[in-house]
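**Student:** the sequence and its predicted three-dimensional model are supplied below.
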Amino acid sequence: MASRTRLWCAVTLASVLALSACSGADESEGGGGNTLRILVSKHPLTGPMKDMGWVAELEKKANVKITWEEVSADWDQKKAAMLAAGDVPDLIVGTNAINSTDLATFGTLFEDLKDDLDKLPNVKALFQAKPQLQAMATQPGGEIYTVPGYKRFWPETVTHQYINKDWLKNLGLKTPTTWDELYDVLVAFKEKDANGNGDANDEIPMDWSPVGTTGFGYFQPSVLLGSLGLPIAAGGGQGYFVEDGKVGNFLVDERYRQVLEFLHKCYAAGLVSKDVMTQDYSAYQSVARGKGDVAKVGFSWGWTASDRFGAQLAGQYEATAPLLAEAGQSTPVTWTYDSYAENFPANQIAMSAATENKEAALRVIDAFYDQDLSIQVLFGEFGQNITKVSDKEYKVLPPADGKSDPSTWKWTTTIADNGPTWIRDDIEVDLPTDLQEAVVQAEPLMPALKNMDLKQDVYPGQFIQMTAEDLNTLALSNQTILNITQPKFAQWITKGGIAEQWDAYVKQVNDSGLPANVSIFQRYYDKYAAQHS
Amino acid sequence: MRLPRHWQLWAMLAPAIAFVGVFAYIPMYGIQLAFRKFTFQNGLTGGEWVGLKYFEQFFESPLFWTLMRNTVTISLATLVVGFVAPILLALIVNQVVHAGRKRFMQTATYLPHFISTVVIVGMLQVFLSPSSGLLTRLAGLAGVTDVNFLGDTSTFVPVYVISDIWQHCGWNSIIYLAALSRVDTQLYEAAKIDGASRLKLVRHVDVPALVPTMVVLLILSMGGVLSTGFEKVLLMQNTLNLPVSEVISTYVYKIGILSSQFSYSTAIGLFNTLINFVFLVVTNQIAKRVSGTSLW
């Protein structure tokens, strides 16, 4: 009911604003020709824009005065009302704040920047350096409504795999390399007092991040598909993947079934957290932080050991390589490839088509992609967060607030990953420790990631823009499909029954429009592959 | 035109009429969105006329019956239990003679009403966690083991309804307490002289006094029979209970707001409203026949 009310609000708002728009046009001039209204969609941790040192530099470079509208919560709802009302501020800043689905519907609200590239030298240079970003920004009709970015330093995967090496040592076990070995290790974790605190029942052998009703994501067991050679991207999403140039959906793949059977075997033996299907993300994080020096979780996935298990326990964990489904298998293992989403963030800045000060807005967009400003937007201002060593060398400083960790510090002092950014390939940056840690802990995964052919095994969804018609078809069927597959995922792991239900399930999912969706993805993939071969 | 006789009353009513007109009637022109293919360029009313296409799409959706069944189950259960519980509570509170204790009981039962939904669901998560939840452990002591109250498809509705009653029962009983306080004390005395017991007093004096209030409230709540508490359902949703927790409003949220299918979600919303309206009218007619009390 509330969502219907919300829609009504949007509708009412639209009508009210449509009326006021006629009279409002000449009034807003009052602010002076050099003032811009910029909306920024921020992380809830991020402080006010006025406290960010680089903002003054941005204003100076672009020679404008900026009035910020800062949104830290409920952006999706606010956005729907704002777009339906057509009330767009001069610029909207935020990675995917305006996403491709919005552009398919509301594209005309935004300025087409294709003809303005000459006034955006930084953006033009970015497109020359990274042609895939231009492909990504270009709509099916040829318009460029938003500018994407390039962050360069993020590892090729976000999901890292960890096992508690102290527990292994306490129990005299070796790091598992196959599913069977993992199973045996987890059984030992469960039955013995692995953490040595005298209680043999407080160990959680395995845990993963909450799987949502809208698909798969980071830190989830979808990475086990890699043990069977199924290449996924960005944690799995709604199941679509490409393998040797052929698009499929793992939700109906035999290998997905094998993974679920293995997970059920683990769950039935009590090796998986009982809360795994119902806990929220914060509970999932806090339980792994343990109590003092006593760890609670044996095997899990996360961004870095310090983020996942807390600074105090991080040392107990080691990053491990992907598991083999069985010893001596001939199929090469794979992992989840997340670099596209992390290093090539989409839709970072958009300009209103109705802006009265287009030149100034263009200057602001271009300034964001300046070398010095980009790095400050991402890691924080010079002096406080970064030392500029030379023209090509930068050093990211540890948090000035001793109690903070590098990631929290970054997110509180700047808009970070939400801001428009182009990190040049020819500069040298001393990275913050969390990013260094993530890169180091991704090393065991590198062989598996190397087994994936970027052209043939990773769906370049990030670089493809679809028509509104196709997006609608995909959205409608996906909603139905996920309503079937996500409950089954949870049910088959916790209660079993996959053997009897699998065939009927596959048929049901296929009847809900999956083949049509796969062929849409295939069509765009083929077109993209042909253009970029 | 002659000024109405009670023009002062009309003047006082005017702001309310204007409010309802502006915010409820004028926006109704937007309903046509349900019959048009929405494209932003052509605006709210300029899209291509597609008739009942979006309604058919919804009726033919494989999710249709699931959504209907879930929505009706959750809201009927809430409606029935949520209708009876405040009446019982009011009758009990009314029996408490000591003024201080009565006030304490009333306050204690209606305070949870002010806790926000997010916090309530957070509390449920803590109390009902399958590994460490207080209530899960208590149930374990009582012999009910291995139940995941948050994930099991058979416990979702009870958990939803019971927590809802716990939260709103006290608040909803206030109106009944008000009705009870207006009962003429002579009736009690007369009944006592005739030898009525305490239970009989409740049965033959209190309950009849509540009937008109009960009927009006029942009719009003029947008007919202397909409206479930969107926030609470969405927050309580997880992959395990999705088969019983996906209701019309959460589906509209996912398809309409998250996937920008405005026409489709407007059509579903309109369908929802029509069903509610039918229920309202039917209940009203039945109440008129049976008890003589009705809204119109």
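**Tutor:** Now that the structure is in, tell me what you want to look at. The model shown is predicted, which means the values in this text are computed figures rather than measured ones.
**Student:** who touches stretch B:94-106?
**Tutor:** For stretch B:94-106, contacts defined as Cβ atoms under 8 Å, 6 or more residues apart in numbering or on different chains pick out B:93, B:170, B:174, B:177, B:180, B:198, B:202, B:206. No exception for glycine: its C-beta is placed from N, CA and C like everyone else's.
**Student:** now stretch B:238-246
**Tutor:** A:210-213, A:277-278, A:483, A:486-487, A:489-491, A:494, B:63, B:66-67, B:70, B:73, B:148, B:150-153, B:156-157, B:233, B:236-237.
**Student:** got a quick PyMOL command for the buried subset of these?
**Tutor:** PyMOL command restricting those to the buried ones, with burial defined by 16 or more other Cβ atoms under 10 Å in any protein chain shown:
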select buried, (chain A and resi 210+211+213+277+278+483+486+487+489+490+491+494) or (chain B and resi 63+66+67+70+73+148+150+151+152+156+157+233+236+237)
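**Student:** just to be sure, which of the contacts of stretch B:238-246 are found in strands?
**Tutor:** Under the assignment DSSP state E, the contacts of stretch B:238-246 contribute nothing to strands.
**Student:** so which of the contacts of stretch B:238-246 are in helices?
**Tutor:** A:483, A:486-487, A:489-491, A:494, B:66-67, B:70, B:73, B:156-157, B:233, B:236 (DSSP state H).
**Student:** run a quick neighbour tally on residue 135.
**Tutor:** Went with chain A since none was named. Residue A:135 is flanked by 18 other residues according to other Cβ atoms under 10 Å in any protein chain shown.
**Student:** to clarify, I was referring to chain B.
**Tutor:** Counted by other Cβ under 10 Å, the residues lying close to residue B:135 total 14.
**Student:** and the helices in the stretch 1-150 of chain B?
**Tutor:** Along the stretch 1-150 of chain B, the segments classed as helices by DSSP state H, counting those that start in this stretch run B:7-20, B:53-60, B:64-95, B:99-110, B:117-128, B:134-141.
**Student:** make CSV from the ones you listed and add distance to residue B:263 to it.
**Tutor:** Putting the helices of the stretch 1-150 of chain B into CSV (distance: least, Cβ to Cβ, whole Å) gives the following:
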stretch, distance to residue B:263
helix B:7-20, 26
helix B:53-60, 5
helix B:64-95, 17
helix B:99-110, 42
helix B:117-128, 29
helix B:134-141, 44
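**Student:** for residue A:53, find the nearest of those.
**Tutor:** helix B:117-128 (34.9 Å; Cβ to Cβ).
**Student:** counting contacts, what elements does that closest one pack onto?
**Tutor:** Here helix B:117-128 touches helix B:134-141, helix B:156-181, helix B:230-236, going by 3 or more Cβ pairs under 8 Å, 6 or more residues apart in numbering or on different chains; DSSP states H and E.
**Student:** swap the cut-off to 6 Å and go again
**Tutor:** helix B:134-141, helix B:230-236 (3 or more Cβ pairs under 6 Å, 6 or more residues apart in numbering or on different chains; DSSP states H and E).
**Student:** tell me the most buried of those?
**Tutor:** Ranked by mean neighbour count under mean count of other Cβ atoms under 10 Å in any protein chain shown, the helices and strands packed on helix B:117-128 are led by helix B:230-236, which reaches a mean of 20.
**Student:** that one and chain A, any residue contact?
**Tutor:** Yes: counting by Cβ under 6 Å from any Cβ of the partner chain, chain A has neighbours in helix B:230-236: residue B:230.
**Student:** run through the chain and note the low-pLDDT ranges.
**Tutor:** Chain wasn't specified; assuming chain A. Applying pLDDT under 70 to the predicted model, the residue ranges of chain A that meet it are A:1-33.
**Student:** should've been chain B
**Tutor:** In the predicted model of chain B, residues B:1-3 satisfy pLDDT under 70.
**Student:** can you tell me which residues in it are near chain A?
**Tutor:** Within reach of chain A by Cβ under 6 Å from any Cβ, chain B has these residues: B:27, B:30, B:40-41, B:62-63, B:129-131, B:150-151, B:227, B:230, B:237-240, B:242-243, B:246, B:249, B:252-255, B:257, B:259-260, B:269.
**Student:** what is the nearest of the ones in helices among the contacts of stretch B:238-246 to residue A:439?
**Tutor:** Within these, distances to residue A:439 taken as Cβ to Cβ reach their minimum at residue A:489, with 31.1 Å.
**Student:** burial of the closest residue to residue A:460 other than its chain neighbours, as a residue count?
**Tutor:** What sits nearest to residue A:460 in space, not counting adjacent residues and going by Cβ to Cβ, 6 or more residues apart in numbering or on different chains, is residue A:528, at 5.7 Å. Summarising burial for residue A:528: neighbours were counted as other Cβ under 10 Å, giving 18.
**Student:** next one: residue A:528 from chain B, what distance?
**Tutor:** The gap separating residue A:528 from chain B is 23 Å, by Cβ to the nearest Cβ, to the nearest Å.
**Student:** domains for chain A, by residue range?
**Tutor:** When chain A is parsed with automatic domain parsing, its domains come out as A:35-154+A:345-431, A:160-337+A:444-506.
**Student:** tabulate these (JSON lines), appending distance to residue A:515.
**Tutor:** Formatted as JSON lines, the entries for those read as follows, by distance: least, Cβ to Cβ, whole Å:
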{"stretch": "domain A:35-154+A:345-431", "distance to residue A:515": "22"}
{"stretch": "domain A:160-337+A:444-506", "distance to residue A:515": "9"}
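**Student:** nearest to residue B:135, out of those domains?
**Tutor:** Minimum separation from residue B:135 across the domains of chain A (Cβ to Cβ) falls at domain A:160-337+A:444-506, 13.6 Å.
**Student:** what about the closest one, start to end distance?
**Tutor:** 30 Å (Cα to Cα, to the nearest Å).
**Student:** quick one: residues contacting residue A:302.
**Tutor:** Residues counted as contacts of residue A:302 (Cβ atoms under 6 Å, 6 or more residues apart in numbering or on different chains) are A:219, A:308.
**Student:** do residue A:362 as well
**Tutor:** With contacts defined as Cβ under 6 Å, 6+ apart, the neighbours of residue A:362 are A:116, A:119.
**Student:** OK, contacts around residue 251?
**Tutor:** Looking at chain A here, since you left the chain open. The contact partners of residue A:251, taken as Cβ under 6 Å, 6+ apart, are A:239, A:485.
**Student:** could you do chain B instead?
**Tutor:** For residue B:251, the contacting residues are residue B:67, taking Cβ under 6 Å, 6+ apart as the criterion.
**Student:** ok, now how distant is residue B:292 from chain A?
**Tutor:** Taking Cβ to the nearest Cβ as the measure, residue B:292 falls 31 Å from chain A.
**Student:** number of nearby residues for that residue?
**Tutor:** By the measure other Cβ under 10 Å, the count of residues near residue B:292 is 10.
**Student:** one step back: just the buried members of the residues of chain B next to chain A?
**Tutor:** In the residues of chain B next to chain A, burial by neighbour count holds for B:27, B:30, B:40, B:63, B:129-130, B:150-151, B:227, B:230, B:237-240, B:242-243, B:246, B:249, B:252-255, B:257, B:259-260, B:269, counting by 16+ other Cβ under 10 Å.
**Student:** in strands, which of the residues you listed fall?
**Tutor:** Using DSSP E, no member of those sits in strands.
**Student:** which among the ones in helices among the contacts of stretch B:238-246 gets closest to residue B:11?
**Tutor:** The closest of the ones in helices among the contacts of stretch B:238-246 to residue B:11 turns out to be residue B:233 (Cβ to Cβ; 42.5 Å).
**Student:** one step back: and of the domains of chain A, who's closest to residue B:212?
**Tutor:** Distances from residue B:212 to each of the domains of chain A were compared using Cβ to Cβ; the minimum, 40.1 Å, belongs to domain A:35-154+A:345-431.
**Student:** run through who's touching stretch A:403-419.
**Tutor:** Residues from elsewhere that reach stretch A:403-419 (Cβ under 6 Å, 6+ apart): A:42-43, A:45-47, A:52, A:94-95, A:377, A:379-380, A:399, A:432-434.
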